[in-house]
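Participant: My questions are about this predicted structure, shown below with the sequence.
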2 protein chains.
Amino acid sequence: MGKEIGVTVKKSEDFSEWYTQTVIKSELADYAPVKGLIVLRPDGYSIWESLKSSLDKKFADTGHRNGFLPTLIPESLLTKEKDHFAGFNPEVFWVTKSGDGELGDRLALRPTSETLAYTLFAKWIRSWRDLPLKINFWNTALRAEIKATKPFLRTSEFLWQEGHTVHVNSEEAEKEVTDILELYKKTVEEELAIPVITGKKSEKEKFVGAVYTLTMESLMPDGKALQMGTSHFLGQNFSKPFELKYADKENVESYAWQTSWGVSWRLIGGMIMVHGDDRGLVLPPRVAPIQVIIIPIYYSDEDKEKIEKISKEIEEKLKDAKIRVQVDNREQLTPGFKFNEWEMKGIPLRIEIGPKDLEKNQVTFARRHNRQKDDQAITGLVERVVSELDKIHNDMFSDAKKILEDRTSEVNTYDEFKTELEKGRLIKAPICDNPKCEEEIKEETSADVRVITNDAKDTSSKCIKCSDQSTIRPLFARGY
Amino acid sequence: MGKEIGVTVKKSEDFSEWYTQTVIKSELADYAPVKGLIVLRPDGYSIWESLKSSLDKKFADTGHRNGFLPTLIPESLLTKEKDHFAGFNPEVFWVTKSGDGELGDRLALRPTSETLAYTLFAKWIRSWRDLPLKINFWNTALRAEIKATKPFLRTSEFLWQEGHTVHVNSEEAEKEVTDILELYKKTVEEELAIPVITGKKSEKEKFVGAVYTLTMESLMPDGKALQMGTSHFLGQNFSKPFELKYADKENVESYAWQTSWGVSWRLIGGMIMVHGDDRGLVLPPRVAPIQVIIIPIYYSDEDKEKIEKISKEIEEKLKDAKIRVQVDNREQLTPGFKFNEWEMKGIPLRIEIGPKDLEKNQVTFARRHNRQKDDQAITGLVERVVSELDKIHNDMFSDAKKILEDRTSEVNTYDEFKTELEKGRLIKAPICDNPKCEEEIKEETSADVRVITNDAKDTSSKCIKCSDQSTIRPLFARGY
C-alpha cells in the first residue's frame, strides 16, 4: 500500500483531518451527494449491526419490543409540546410538495418521534393492563446540520434507536431511565472498549421537554467530551398535552409517566477517535467485521501451494469457532502492502504464515492495538485466538480507561479551570445553583456541564464563577 | 372477547373491510396521523423481523453485504436516467425547506436508491478486483400514494430491502437476477407458506429503467394478483449515464453490468389475505410472534394453583426448545374470551390445560388453521409441538397451493377470458407480440400480464385480442 493510499497525517498533529481520512480511507463511510449526509459502506454498517444486535438482545431480555414509525410527522403534532418544538424547530426538514402538487399541510421529517409515538400510545393505552408499554424503534433521525459534516458525529441524518416507555407511576419510569443508562454503559464498555462516565445533565443541557436527562460521556483525544447516549425521564410533560391517560384498577384515570432514550452511530465515531492511531483504525474485536486476517507469505510455487492449503485449513477451523476470519490471497500484492492495508482497516489480529513458520509448525501473531508480534504453534491455535481476542478487548479498555483517568482534573478556581481546559481535560469544578454561572462559564470558555455524577454533591467549596457557596462539583469539558 | 372487539364482517362477503379490520384489530398495524402512512405495532414488526432475518442470512450466505444510504437524494441525480425518473416523478415527496430557510436545491425523499447508489458505486469501483459488488440496503421507500391506503399493500412509505449488484459481464449479472428470485421464492414459500408463480414481466410492466424484470406473483382470495417481489436485470442502462466503469485485467475500461431487486412488507399483506379467515389472522408458524399460547382453565383456587404450575412448566420446556410460547394467565377474563382473542391474532397452536386434562396427564391441542382439536399426553409434548408446527406450515402451504391451482384457468378466446376474469381467476391466454394487444386488454378489462413463465412460449395459438398467430401464453389477472 503506497503512502498516499494510507492515512497521511498524524493523529496527534491534525486530529480532525486524521479522523476524516481514517473514516473514508478505511472504507467505513463516504460522503453522500447531499451536503451533511453520509453513506455507510459494508464495513461501517457491519459495526452498526454488531452494536444493534447486542443492544437489541438486551432490550428484548428486559421486555422491550420493536415497532416501526413513518418518517413524516404533521406540523401540528410536532408543535404540541412547546419547549420540545422550540428546541428542534431550526433543524427540521420540511416536505411541501409531492409530485407536481403542493401539500395542504407541510410535513416534517422526523427529528425524533416523541410526538408521533405518544399520539399513538394515547390511542392504544386504555388501562393499567396495557402498561408498562415498552417500545423501541430502529430508524434514522433527520436534523438539518448547518456546521460542517463529520462522519458519525455531525450529519443531517443519522442511524439510531429511540426507546419510548409508558408507566403507571414515576418510580417505575425512573427505574427504567436508570436501567437503560446502565444497559448502554455495559454495551459501550463491553463491545466498543470505551470507558464512560454516567450521571445527570444540568437543567440547561437536558433534553427539551424532559424532567431530567441521564447521560454517558467519554473524553476524546482532542480534549472534547462526547455524549454517547442519553436516557430521559419525561414525567408527565408529554402525557398531559397528548392526553395519554390510563384507568387504574379502581377505574380512576391518571396521566401516565414516560421515558425516552437513544444511542446513535455516534458511538462508532467515539470508537474511531478513542482507539485509532497514526496508521488508521484500531477496531475492538467484538465489533470488528473481520477479527482475524490471515496473510500467506511465499516466494515459490511449491511454498504457495502448501501455505495456501494450511491458511485455508486454519481459516475453516476459526470459522467453526465463530471467529470472523478471512484469508487475503490476492495475487500481485506484496505481504507488506497487505499488512499496511489491514492495519489501516484496524483488523485486531493478523496471522502471518510463511515457509519458515511452516517448517516449525507455527504461525506469527501480530496484534493491531499494540503492534506486538509473537510465534504461535498451530496446535492449540483456535483456543489461543479466542482468548487473544478477549485479551485485546480488555487491554484496549484498560488503556482507554487509564487515559480517561489521567485526563480528569479537579480544580477550585476559575483560573485553574481555564488552564486545565486548554490542556484538553475533563474538569471537576464546584459551582453554585445559580444557572447564570453555568451559562457564563459556557459563554466565556465554550465548556459546559457534561455530567453530574451521583457523588457530585459539594456544599463545602466556592463556585468557581461567583465564589458563593457551591452545591455540586460536576464534570466540565468542551463538547462535540 | 365481545363480538364488537372481533372482526365483524366475513372474509367472503366484504374482503376489503375484512382485511382492514383484521390488520387493525389484531394489532399488527395502525394508521399514522398522516394520510397514506401506517405504523407497525410490535406483532406486525416482529413478523417483518422474522422475514428480514431469514432473507438476511440468505443474502450473507451468497456474498451480499449490507450498507446504509440516506433518505434524501438531490433532484439532479434522480433525473439522470430519464425513463426511470419519468416513472417515479409523480410519486416523489420534495423537501424544499429546512428550519425557517429555503433549500437552494430541492431534495427528493428516496422512492428507490438506484441513482444514489450508482453515483457512489462509480466512485468506489476501479477495476475487476472490486467486482462483483453486491450490496443490500434495509430501509424504507417513500412514494406519495394518491389512492386510499391499505396497510402493507398501498402506503406512501414502506419497509423493504433493495439489493444492488455490479458485475463484469451480463452472464454473471443475469445469473444474479435469477438466483435472487429463487431465493425470494424459497423464503416466501418456507416462511409464509404462500405458493408463488415466477417468471418475467412483459415489456410494458417491467421496472422503469430495466432491460427486463423477473417477478413472483400469487393470487389473492379476491381474485387479484399480488406482485410479491421483483428482480431486475439493468444491463448497462444505468452504468452508462452514471459512468460506472471498471478496468479489466488488460486495463481496458468497460461499462459494468447491473442488477437491482427488492421485497417489501407487502409480503405481510399477502400472508394476511391468503391465510386469514372470518375469525381474523391465521399466522404461518415460522413467522408468528407467538407460536403457542397456553390457556390455563380452572374453577377453584386449588385447581388454579396446580394448573398454573404445570402451565409454567410446559412453557419453560417449550422455551428451552426455542418455541415462542406464552401463558395467558390474565385473571378476570374467561377462557372463552381468551380463545377468541388469540384466534383473532392468529396464533398457530393453542394448548388448553383444565382439571380433567390434568387428571389424565394430558392437555388439549387446538390448531388455528383448521380448528381441529385433540388430546396430547404431557410426556412427549415438546417433540410433538415441534413437529406439529412444521405440519401446520405444510398444511397451510398445500391448502394455498391447491386454491392457486384450482383458480388458474386456461382460455383461448377473449370471451372466455372475460368470463374467467369475473370469477377472479389467474388466466393463461395466448397473445401475439404486438404490444397494442396487451395494452388494449388492460384498458378494456383492467387485467394485465402478471408473469410470463419459463414455459410460456406458444406459437400455435391465436392471440385472444387480434387473432393473429400467438407468441406466448402468459398469466393475466387484475392486480394490486
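Facilitator: Arrived safely, thanks for sending. Residues are numbered from 1 along each chain as shown, chains lettered A, B, ... in the order given.
Participant: Can you name the residue of the stretch 151-300 of chain A nearest chain B?
Facilitator: Nearest residue of the stretch 151-300 of chain A to chain B, counting by CB to the nearest CB: A:E157, 4.8 Å away. Where you see a C-beta, it was placed from the backbone N, CA and C, and this is true even at glycine.
Participant: Would you mind identifying the helix or strand in chain A with the lowest mean pLDDT?
Facilitator: One helix or strand of chain A scores below all others by mean pLDDT, DSSP states H and E: helix A:82-88, with a mean of 82.
Participant: That one vs chain B: in contact?
Facilitator: No - figure legend: helix A:82-88 not in contact with chain B (CB under 8 Å from any CB of the partner chain); closest approach 9.5 Å.
Participant: domain ranges for chain A?
Facilitator: For chain A, automatic domain parsing gives the domain ranges A:15-275, A:292-403, A:408-479.
Participant: Could you export those as a markdown table, including mean neighbour count?
Facilitator: Shown next, in a markdown table, are these (neighbours: other CB atoms under 10 Å in any protein chain shown):
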| stretch | mean neighbour count |
| --- | --- |
| domain A:15-275 | 20 |
| domain A:292-403 | 16 |
| domain A:408-479 | 18 |
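Participant: Now distance to B:P285 too, for these, in a markdown table please.
Facilitator: Below are the domains of chain A laid out as a markdown table (distance: least, CB to CB, whole Å):
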| stretch | distance to B:P285 |
| --- | --- |
| domain A:15-275 | 19 |
| domain A:292-403 | 28 |
| domain A:408-479 | 48 |
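Participant: hang on, the earlier thing: tell me the contacts of the residue of the stretch 151-300 of chain A closest to chain B?
Facilitator: Contacts for A:E157 (CB atoms under 8 Å, 6 or more residues apart in numbering or on different chains) come out as A:L37, A:T140, A:A141, A:L142, A:R143, B:P70, B:T71, B:L72.
Participant: Got phi/psi on it?
Facilitator: Dihedral pair for A:E157: phi -140, psi 140, per degrees, to the nearest 10.
Participant: With A:M228 as the reference, measure out to it.
Facilitator: 19 Å (CB to CB, to the nearest Å).
Participant: same check, this time on A:D390
Facilitator: 23 Å.
Participant: likewise A:D100?
Facilitator: Distance of A:D100 to A:M228, given as CB to CB: 44 Å.
Participant: re earlier: between the helix or strand just after the least confident helix or strand of chain A and strand B:93-98, how many degrees?
Facilitator: As assigned by DSSP states H and E, the chain's next helix or strand after helix A:82-88 is strand A:93-98. Angle between the axes of strand A:93-98 and strand B:93-98 is 140 degrees (criterion: axes from the mean of the first three to the mean of the last three CA atoms, to 10 degrees).
Participant: Please compute how far the helix or strand that strand A:93-98 is followed by lies from its chain's middle.
Facilitator: The helix or strand immediately downstream of strand A:93-98 is strand A:101-109, counting by DSSP H and E. Distance, stretch centre to chain centre, for strand A:101-109: 33 Å (CA atoms, centre = their mean, to the nearest Å).
Participant: Pull the residues that contact the helix or strand following strand A:101-109.
Facilitator: Towards the C-terminus, the helix or strand next in line after strand A:101-109, according to DSSP H and E, is helix A:114-124. Contact partners of helix A:114-124, identified using CB under 8 Å, 6+ apart, comprise A:69-70, A:73, A:77-78, A:80-81, A:84, A:110, A:130, A:133, A:135, A:137, A:164, A:166, A:209, A:234, A:238-239, A:242-245, A:256, A:258, A:260, B:30, B:32-33, B:39, B:41.
Participant: need the contact list for A:V287.
Facilitator: Per CB under 8 Å, 6+ apart, neighbours of A:V287: A:I47, A:S50, A:L51, A:E191, A:L192, A:M271.
Participant: want to throw those into CSV with pLDDT and distance to chain B?
Facilitator: Shown next, in CSV, are the contacts of A:V287 (pLDDT from 0 to 100; distance: CB to the nearest CB, whole Å):
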residue, pLDDT, distance to chain B
A:I47, 98, 11
A:S50, 98, 12
A:L51, 98, 13
A:E191, 98, 18
A:L192, 98, 18
A:M271, 98, 17
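Participant: Tell me the one of the residues you listed nearest B:T62?
Facilitator: B:T62 has its nearest neighbour among the contacts of A:V287 in A:S50, at 20.8 Å by CB to CB.
Participant: residues in contact with that closest one?
Facilitator: A:E191, A:R286, A:V287.
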